[in-house]
Each structure stands twice: as C-alpha cells, then as structure tokens.
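K.L.:
Sequence first, then the predicted structure:
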Amino acid sequence: MSTVTAPQPPSGSLQTPDAATIQARIGLRGPITYIGVGLISLVFFALLTPADDTTRFMVASSRDYVEISPFAVPSQATAMVLSLGALALAVWATVLTFQRRRVATWIPILFGGLVLLAFLVWVMAGNSNALPLTILLTGALTLSIPLIFGSLAGLLCERSGIINIAIEGQLLAGAFLAVVVASLTGNPYAGLIAAPIAGAIVGAGLVLFAVRYRIDQIIVGVVLNVLVIGVTNYLFSTVLTQNPQALNSPPRLPTLPIPVLSQIPILGPVLFNHSFVVYLMYIVVAVLQVMLFRSRWGLRVRAVGEHPKAADTVGIKVNLTRVRNTILGGAVAGLGGAALVSAGLAFTKELTSGKGFIALAAMILGRWSPKGALAAALLFGFADSLRQVLNNLGSPVPSQFLSMLPYLATIFAVAGLVGRVRPPAAEGIPYVK
Amino acid sequence: MKLELRGITKRFGSLVANDNIDLTFETGEIHALLGENGAGKSTMMNVLYGLYDPDGGEILLDDQPVRFAGPGDAMAAGIGMVHQHFMLVPVFTVAENVVLGHEPTSAVGGLIDLTEARRRVKEISDRFGFHVDPDALVEDLPVGVQQRVEIIKALSRDAKVLILDEPTAVLTPQETDELIAIMRQLKAAGTAIVFITHKLREVRAVADRISVIRRGKVVGTASPQDSAADLASLMVGRSVNLGVDKAPAQVAEATFRVEHLTVIDPVGTRVVDDISFEVRRGEILAIAGVQGNGQSELAETILGLLRARSGSITLDGQELLGGSVDDVLRAGVGFVPEDRSTDGLISSFSIAENLILDLHGEPPFARAGSLSPARVAENARLRTEEFDVRLTSIQDPVSTLSGGNQQKVVLAREMSRPLRLLVASQPTRGLDVGSIEFVHKRIVRERDAGTPVIIVSTELDEVLALADRIAVMYRGKIIGIVPGGTDRDVLGLMMAGVPPQAAEHQAAEHHTLLGGSDPAAPADRDEEIP
Amino acid sequence: MTTTDTLVAPSAPPPAAEGERRNLLQQVLDASWLTIILAILMALIASSVLIAAANSQVQATAVYLFARPSDFFGASWDAIFGAYSSLFRGAIFDYEATTAVRRIRPITETMTASVPLIFAGLGLAVGFRSGLFNIGAQGQVLVGAAAATFVGITFSMPAGVHLVIACLAAIVVGALWAGIAGFLKARTGANEVIVTIMLNSIAVYLISYLLTTQLLAQGGTRPISPVVADTATFPLLLGSGFRLHAGFIVAILAAWAVWWLLERSVLGFQFRAVGANQNAARTAGIRVNLVFVLVMLTAGGLAGMGGATQILGTDKSLQASSAGSIGFDAITVALLGRSRPLGTVLAALLFGALRAGSPLMQTSANTPIDIVQVIQASIVLLIAAPPLVRELSIFHRIATLFGYSMKGARA
C-alpha cells in the first residue's frame, strides 16, 4: 500500500488573501448603465429645461367615450421628480448588485418607464400643443403589430434551431399577397387569409435550403430577402402598375370596437378599438406563450432547438419539427405583412422598409419568448409612434434619432448591457445524424 | 426478450465500420461488447437504435425481423440506450428530460402534466435508490447524476434491452461499483443489458458473456474467466504490452510552480479553488479526477486561456499569469489540448499549416509579415517523418487523417520546439491502442529529456501508467498529491472528495469490485489497456 | 505499430485515395465551374418566366393559348429575347449602336458599376473567410461615401492629394463604423450579424440627418450634398466619352492586395485560422479578439472605399440613397465569388453588368430593372446549393443513366 501525503504548499509562497474571501468580480456594467442613464435624465431632461416651461398632455379627445380635458404640468419640476425617482432605483439596483443579490425584473421596467416619462416631459416642454397620449399609445400598438408577428415568426423558427433572417421577406410577401387578394376579391379578410400563405412559402424556401441543402441559414435568409424584394418590386412595377384599380387598391380592414371594454377611458381606445388583426395578435401571443413553455409541442420544439440529437434519440423527428416550425413561422410573419397593410394601404416597393429586422431585434431583446417579444415590439412601436406624433407637433429631437432607437436598443441588448441574452443552443446548425 | 443482429453491415464512404456482424442479446444477461476505440462498437449500437440505417443485414426481435426507421421505433420495441455523450437537454429539468418524447398530457390543450412527470421520475428513482430531484435543471447536476437521469429515461419507457455505451468513462471506481450494482439489479428484473466498453477490468467483473469486436468485425467471444492478456490480444489483434515501459524518474529541481491559484467562472463558481503544487524537471505529474472538477480549467489557466482571480503560476521563476497565450507558448510551454478536433487542429487547414499553427509568425516560417510556403512545407515533411504520421500529402486537410495520426500532428507541433513544460490534457482520448502506445512513449521520452510534464487525465488507467506523482482534483481543489503507484480505490475515493488519509482507511475496509486487491492479478495496475 | 490507424472515425470524410477512383464523368459534372455556369443559366431561365408573365403581349396570347399556342410561345420568346438582348446591349456590347464609341461603351459601364461592388465584396470576403458574417457593408459603404463627400466638398486641395485624402477619410470612417461591430464582438461577444444589420439602419438615419445639417448639405435645402470638387474625383480612364474611372484599377489592385493578405501574410493566416476554428486559433496563441477587430476594420475600410468610389467616381454628390443596394449586392458578390478575391472580382463584374444593362432593358424592352435583383438572388441561392443545381440540371439527369452518381458528388 502506498504512502499518502497531503499536498505541501511550496515553501516561500507569497502572502495571498484568505482564499474564502476571493469572490467573483462584481459585474459593473449594470450599475454603470443605470446610474449613467439616470444622470443623463436628471441633467438633460430636468436641469437643462427652462424653469417656467410647462408640458401639456391630452389623454382623451372629444371623440372618445369619456372626455378628459388636456392638463399641464411644470416641466422642470416634473422631470426632476421622475429623474430622481429613476436615480433612486438606479442606486437601489447598484446596492443589490454589490450585495450580490438579484435585481428583480420590475426594477428595470419601472426605471425605463420613469426615464421615458421624463423624456416626454422634456421633449414637449414649452410646446403649445398638448401631447396626445391616447393617440400616441394607440399608434404604438398599431405600429407594433407587424413587429410582433414578425418576432413571433422569428422565435418560432429559432426555438427549433433555424435562424430566420428572412422575416423581412416574409412580411413583404405577406403584405403583397394580402394587397392583391384583398383588391381582387374586394374583401379585406380574404387578404388576411392569403397573407400567411405567402409568408409560409418564403419560410418553406428558407427551410428547404437550410435543412435539405444545409446552407448557412444566415446566407439563405439574406438572399431570400433580396429575392422577395426583387420579385415584389418587379411585380409591382409590371402587373400592379398596369392595373392598379383591380390589383392594388385593397379595402380597409374594418374596426371592430369590443363592446364595453372599448369604452374604458384611455385603455379602451388604446386596446379594444381595433381591427380583427390586432385581436388576433392578442390571441396568438397568449397561445404561443402557453404552448411553447407548457405543452408537449413546445417541449419538443425547444428540445430540438437546444439539443437536436437528444430529441432524435427519444424519437422526435428533428428536421420535420424544423420544417413545420419554419413554415408556421413564415405564415405568422405573413400575418404581420397583412397587418402592415390592414389600413387599406396600397402596395409600394419595399413597403416593409426594414421592419423585419426590427422584428428580429424585438425577438432578441425579448429573449426568444412571446411575451418578451411583445414587450420589445411594443417599445419599438412606441418609438415609431412618438416619432410620428412629434413630427406633427415639432420637437427638439430630430426624427432620425427616434427612428434609430430600436436599432440602438438592440445593439445595447446584444452587447449585454441589459443582461445576457442566450439564444437556443443548436441555432443555425444543420442536423445531420 | 431476445434481440438478434444478423449480418449487419454499415459503411461510411469506403470505410466499413461494421462488417457482417452477428450478435444475440438475451433477457437477464449482461452481454459485454469489448473493443478498442474506433472498432465499430458505437456504430453498431447506433444501427441497433435506429440512428443509422444499416447497409446490409437484419435485426430480429424474438425471431421476428424488425426495421427501425428511427430511435422512436427502437424505443417502442423496448430498446433503451444510455449514450456515451448524454442525450439530455441541459436547460430542461430532470422531469422534462425524462418525459421528452412520451409526455403525459392533461385532458385540455395538450399541456404537459408535470405532476405525472415528477411522479414517474420519483417512482423509478425510488425503486433503485437514485435520489434524483425531478425539478433540478440537468445542467446543474454532476455527471454521475446525469447518467442516472439517462437510465431513468430509458427505464421509464419500459426498456427490455438496455444499451450502455462506455458508461464508466465519467465515473469514479466507487460510482462504477454503484452502476454495476444497478446493472445487476436490472438484470435480475429481466432486462437484457448490453455493456459497451474497452475496459477489460470492468468486463471481467460484470459480464456474463463477452463479444470482442475488432475493425468492424466480431472476432470472437470470450468468457469473463479468461485472462486480461488474452482478452487484450483478442481485442487488439496482437499481443499487447499492457504497461508503459519507463525507467524510474530522474527527478531534478522543481521549475514549475502553481501557488494559491483561484479561477472563478462567469457564473461565480470557483472552478479552480486555491490550488498549489509544483512539478520537477524529469517527472510526470498527473492531474486525476472526474471530468468537470476543474482540471480542464486549470490546464487552460496555465496556458492563459482563462484568467485567474488570484495566485501565481511561475515557470523557471518567470510569472506566467496575466500573459497572453502567445506569451505562455513563447515561455516554452507545450500544450496538448483535451479536445484535439476543437482546440488542437483546424480541420480544414492542411497538415503543413496545422504544424505551424502556433509558430506561423516566427522565422523561418514568416519574414516581415509574409509567410514562406516552402519553409512551411519543409517543416511538415520533417515533422511528419519524425512522428510517423501516415499521410498522402502534407497539403491535404488534416481532417483526412485518422484520430491517432491527428494526435501525432498535435504532438509533433508541440514538441517541435524546446520545451520547458509540457501540459497534455487527455492525450490519448479516443485513440486506438497502437497510437496510445506511441503517444505514451513520446511523453515519457520528453520526461526523460528533463522536461517537467503535466498530464491531465480522467482515465485512471492512463494516470497509473504514466504518473510519477498524482494530484487528485475534486470540485476545484487538489484533494491530495500521492505517489505514482497508489491503489486505485484510494484514488477513486479521493476523486469523490475523500481526503488522502481517510481514503486510505476506507479503501482498506471496503474494496470495490474492480479495486486493487484482486488476488488473480498481482501486477494489478499493469493489467489494463491504458 | 498496428494497422489500426487506418480505421478513421465514421464522421471523417473518405480517404483522399478515393478521389483517384472517381471517373472522369463524375469529375467534370461535379466541377464548381460547371455548377456556376448552370446556376447562372437556371437563374436566367427562372427569371425569364417572370419576364414573360409580366409582358402584356404574352398575357393577351395566353387567353387563347390552346387555340393557337404558337402565338403564346412566339410572344414569350419575343419578350424574353427582347429583355435579355437589351440587357446584353446595355452591359457588354451594343451591336445596334451606330458609332464605335457607343458600341463599346456598355462594357465600360459594366466595369464602372463593378468598382464599388469589388471593394465592398472584397471587404465581405475577408470577413467570411475569417468567420465573421458582416451584413453591414451597406452601412459601411454609406458612411464611407459620406466621409469622402465631406472631404470633397469642404476642403480645397491640389488634385490628387485631395482625392487621396478623401479616399483615406472614407476608409477610416468605414473601418471605424465596422469596427464598432468588431469591438463589441471582441469585448462582449455580441453577434456581429445582428449588430451590423442594426448599424446599416442607423447609418441611413444618421446620414439623412447629417444631410439636413451644415456638415453635408452646406446651405442647400434638399437632402443632397453639393457636388464634390473636381480635385477630389477619380480621373477618367478613357476620356470624357466614358465614365470609366481610375477607381477600377485601384479595385483590381485591392483584389490583389486582399489575395496577398489572405494567402501569404501572417495576419491573413490568423484571419483564416480564426475563421476556420476559433478555439484552435486561441489555443495556438492567436489573439482572436484582436483578429475580430482587425477583420472588421479591414472589411469596413474596403467597403468605405467602395462608397468613396461611388461618389468620387460616379455620382459626385451624396444622398441618403447613394449606397443604393451596393452593400447587399456585395453580399451576393462575395458569396458568388466564394470569398476568393479573383472570384469576387468576376462576380462583381457579372453583377456590374446586370446593373449597367438594366436601364436599357427597362427602356427598350419594358422590363423593369427589378428583375436584376431576382436574377442575382436566384444565382446565389443556386450556387450555394450545388446539389440542387445537379438535381435540376438536364445534363446531370442524363448522366445518371451512364453511371453518374449524384449522391457521390462532393458538395
């Protein structure tokens, strides 16, 4: 039997701190971001605002069921209170981080809300017009619908392991077919039914190349976008312009106010006074959220996206799952395309103008979950709506910067400034037995 | 249930991985498939499990021919498999992993009935005394427990035939003992067990029947009573020298020191926890331990791939910590990474390019930022000759080489410059016996040239074959440093976290089945194929 | 030593010796040049369906297709031939033109159009070879164009010097813009695909904002910059009758430089090593994060230079839409060129030809230029999937009767 000795630390070793006290470095990125943003809010939105300016808000117009007259608040004081509140939260989050405790989810949300309000107060300070909050929020929801469908399409694909850069093309194809079918039939609902078919065809193309020919999914996505843009542009320039009356004048999807609910002040007009496609979005988000995380289908899809081989060994058809999900995703994006033109818009070249990429961004920011995607898309929709409202009212911020907002937010998100994002592990990797 | 393979043939391109294989597996029997790495064992099991389509032959269940289009069919037919690389989704819970593919659902909407899923896990877990928490995330579990989850997964589908593919590779001797107990329990309950391994010791301890596979063919059957030497020569096809020829170490001064080294991963785990040791010129220090106890991180920290939180690493008095990988390599450290295909070689690069991977910026290969193809080729010719790399052309992608030859390319590169320290992680993982012999010989030769050598290995056999001293790691700490010939039961207990003295006592009281006191084999540790 | 070494792992590709046994038929039909030619032909055929379908004459004859099919096929042929012949006349050689200058003018237009595509395509090729999927050429071209424009309209310098400074500005700004993605990837692991996509959109809004300011609009009211000074423009190569400028020569030199960088330089070795296997590169002491940044700087510099040639060589003034679709076309150029410098130049010439020829096609054959995008995308999709080309190809179908195996083909 061998002799056993305990490890002897080498003689003359350096004096090091007690091993137990050495801990992981504290991530400073979070606290710095919070406090930085809070300070910017305090300085720019509060301190630099002229003291005697006021900001006027309008919450409900005379057209609404309940009318609330516009009201004004002192700009500097309000922005100051909001900014200080945000800073307090920032300090609280910093303390939590240093105590190695978890920062609860509501903290960043409330923080963002306060800074956003401070921004609104600042942007409208001294403006003779009142900021129409209801219109702003209604616009935010309407503008975010295509983004929501788009990012749901993205996550349906990516949860199964297929990267969908072709959301843009799927939205565009959906919008195109929706316009043409709605115009031909004179029925906007026919367009709504047709749009998913177009999106699904693009999705089928994506998955054909990704699964059968195992081409890099990003390449396929990028090229499919170019292809769909090319085809729709071409058809627009030829067939649609030859006969715009029959082919490119879709009727508007009618507004269906929900009884009772639509009469609630503020919330009613914002949430419950829309066309069918908006209510469809509510349903799709809720159903997907439950199905993805609680159902047999969802468990299998996520298994395929995380560890396809493990899924295969328990008898789940990996590639079939991917094909189904990608086509389904394409169809959902097609719905988004239909939503884009649901107000009776005629088709124009590159109508989507990059919305597919914002949808992709919303999916990432929402961490591949339907409710996250919903929240992120609403945020982006809000930025867009704000840009439109401020364009009409006049503002100190150039509209281009508001347009940049979604893209900047996404870069911050993927750079980890707002927490780690973790995509499905098998994303983008073709499955070969 | 009786499962039979008849004339199974499977080809990959020109390679015949399985050549006309006939085998029968019967209820209540542990049937070991013995073969060295690359012999075709796993291919055959993947055919049996429906993952590969055979090119010829048939599978019979109770004398009825069956066709498996996929693992789903195989499972439905009562075949379960515990894969060498676990087939578990890391971000799912134990219960989710177990029910995946045959989920219990509630009446409405196809939602998963998690209560039922947990109950299934608990039921099997209790029956075999597994103590597995159904709600734990798999990625948080140690490998030994993950393996139990795999077994639960197979049993929850009423597997009548259970295939275990190299199941002991990740276990300590004591855990292996427990696994063997489970196998016997299953056998008693009427399960047919197929035990795939290349470890003679385990086969002899547990198998009822042994089939030996070599180069894709069943070359014979053996009985557990056959001697290890006979089994080994059957497996390899020639008589094998079961040990490593090495002279006693000519130890000189210690030139490599690690002091109070602590490494913390991004999640905050102390993957290397206040480690101190030294390595002397002319000795091989083996770092042993179960996979995932900080050995890989220690090796990567020495190379400068990971940042240490505190401590120091010195080579000939020069501090290595804080330097880049390039600095460490220039200081004279040769590094054989644990996974040659991901870390050691660039598979699409040519053999010649791979041989200058870490020297590409230095003369004579580069001058003024420009590479010299002629010098690169000349170097490749010399190195491949010296290391006996079997190749067609040095301009072929390195991926065209066999695993053994690929590893030789890595060794040739790392040993092509004067070394002051050699660190080799899992230097023979997945290699055939011939290549293993070659690699071990070169490592010992480097030691004899006076280089301090660190071997990181999870294979106790390899550790015992090579090491002059053995440091056992457990949860980021060095639990003890013991001499080369230490009893494998003691090492096994240390690998499970028992301090050296206590381990010695416990081992004396209770020997494992495979432990050191097998009277039939006096020169015990030399018995194994390393 | 045993012979067990010859047993390679099942996942390894078949040994090289097998290549010798492949017969001539197999070799010829699997050659990549054949795939490329077939892919281009198939893309043209697919697009001709669209051309015919949108033609009013064809639509009219389709109504009585079964009564008189010859009318339908005649009209289709006329539409397709008209479109492609005018595309050829606009891009290569105008055989209907009256003067010699007009006849050869199209090919010079093709070369001119290819210049920014070569630069941006080379930039993307460097990224692809290094494992970085840079979708951001569009933004890099645009900011490079803006930087060149700014120098071109703001300073007055001697001819030549002005041009060089303007190009340098474009290279630096383009490199820095792409460098953001490289830096973020190196520091935080941010996915470069996402970041560069986002940077494209940000660039468009940033430039359209700057076009409303003194910086680029310089007193104008429309969002378009003044014309750059003559001292900052590329000299014309064939006199004032042609638009072909010296940027073409610089582009060819750049292609050679990129070849040297990737194939012969130490830095290029590192780029390729990181592209092929980051982990192995890191283990071999290559500073992978530094390589990420350097690759993006190189890619952005080249794309920025592409933007400069567009303004200083062709457009002479900047708009938010100046980059056109150069950046996205460059992706298809680099893919078609298989990320090799020579391939990229050839692909850029092909797509340059499509761009140069499409206006004539639109005016004389009534086929909108948008068909070019369809052709481009189809070519790249087909090139990326050689098995698909083989499946669709009549030659390969026939060859299977003579023992050709599609499954045995190398990808």
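P.N.:
Okay, I see it.

K.L.:
do you know how far C:Leu335 is from C:Leu122?
P.N.:
Taking Cβ to Cβ, to the nearest Å as the measure, C:Leu335 falls 13 Å from C:Leu122. In short, each C-beta sits where N, CA and C put it, glycine included.

K.L.:
ugh, typo on my part, it should be A:Val179
P.N.:
Separation of A:Val179 from C:Leu122 (Cβ to Cβ): 39 Å.

K.L.:
what about these two, which has more around it?
P.N.:
C:Leu122 (33 against 30; other Cβ atoms under 10 Å in any protein chain shown).

K.L.:
what ranges do the strands span in the stretch 351-500 of chain B?
P.N.:
B:366-367, B:370-371, B:421-425, B:453-456, B:469-474, B:477-483 (DSSP state E, counting those that start in this stretch).

K.L.:
out of those, nearest to chain A?
P.N.:
Nearest to chain A among those is strand B:477-483; the distance by Cβ to the nearest Cβ comes to 4.6 Å.

K.L.:
okay, the angle between that closest one and strand B:469-474?
P.N.:
On the basis of axes from the mean of the first three to the mean of the last three Cα atoms, to 10 degrees, strand B:477-483 is oriented at 160 degrees to strand B:469-474.

K.L.:
Can you point out the buried residues in strand B:477-483?
P.N.:
B:Lys477, B:Ile478, B:Ile479, B:Gly480, B:Ile481, B:Val482 (16 or more other Cβ atoms under 10 Å in any protein chain shown).

K.L.:
ditto for stretch C:154-168
P.N.:
Quick answer for stretch C:154-168 (16+ other Cβ under 10 Å): C:Met157, C:His162, C:Leu163, C:Ile165, C:Ala166, C:Cys167, C:Leu168.

K.L.:
what pLDDT, on average, does that stretch get?
P.N.:
For stretch C:154-168, mean pLDDT is 95.

K.L.:
Can you pull out the residues in contact with it?
P.N.:
If you take Cβ atoms under 8 Å, 6 or more residues apart in numbering or on different chains as the criterion, stretch C:154-168 is touched by C:147-148, C:151-152, C:218, C:228-234, C:305, C:308, C:312.

K.L.:
about what we covered before: and which of the buried residues of stretch C:154-168 is nearest chain B?
P.N.:
For the buried residues of stretch C:154-168, the nearest to chain B is C:Leu168 (21.3 Å; Cβ to the nearest Cβ).

K.L.:
ok so, going back, now for the buried residues of strand B:477-483: which two are most distant?
P.N.:
Within the buried residues of strand B:477-483, B:Lys477 and B:Val482 form the most distant pair, 14.7 Å apart (Cβ to Cβ).

K.L.:
can you count the residues close to C:Phe183?
P.N.:
Neighbours of C:Phe183 (other Cβ under 10 Å): 19.

K.L.:
Got phi/psi on it?
P.N.:
phi -60, psi -50 (degrees, to the nearest 10).

K.L.:
residue contacts, it?
P.N.:
By Cβ under 8 Å, 6+ apart, C:Phe183 lies in contact with C:Val293, C:Met296.

K.L.:
how about the strands of the stretch 351-500 of chain B in JSON lines, adding mean pLDDT and distance to chain C?
P.N.:
What follows is these, written out as JSON lines (pLDDT from 0 to 100; distance: least, Cβ to the nearest Cβ, whole Å):
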{"stretch": "strand B:366-367", "mean pLDDT": "90", "distance to chain C": "5"}
{"stretch": "strand B:370-371", "mean pLDDT": "93", "distance to chain C": "6"}
{"stretch": "strand B:421-425", "mean pLDDT": "96", "distance to chain C": "11"}
{"stretch": "strand B:453-456", "mean pLDDT": "96", "distance to chain C": "14"}
{"stretch": "strand B:469-474", "mean pLDDT": "96", "distance to chain C": "21"}
{"stretch": "strand B:477-483", "mean pLDDT": "95", "distance to chain C": "24"}
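
K.L.:
Mind putting those strands into a markdown table with distance to chain A?
P.N.:
Shown next, in a markdown table, are these (distance: least, Cβ to the nearest Cβ, whole Å):
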| stretch | distance to chain A |
| --- | --- |
| strand B:366-367 | 31 |
| strand B:370-371 | 28 |
| strand B:421-425 | 16 |
| strand B:453-456 | 15 |
| strand B:469-474 | 7 |
| strand B:477-483 | 5 |
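
K.L.:
Same list (these) but as CSV, adding distance to B:Asn97.
P.N.:
Converted to CSV, the strands of the stretch 351-500 of chain B look like this (distance: least, Cβ to Cβ, whole Å):
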stretch, distance to B:Asn97
strand B:366-367, 50
strand B:370-371, 49
strand B:421-425, 29
strand B:453-456, 29
strand B:469-474, 26
strand B:477-483, 30
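
K.L.:
Out of these, the one nearest B:Thr314 is which?
P.N.:
Taking the strands of the stretch 351-500 of chain B one by one with Cβ to Cβ, strand B:421-425 is closest: 10.6 Å.
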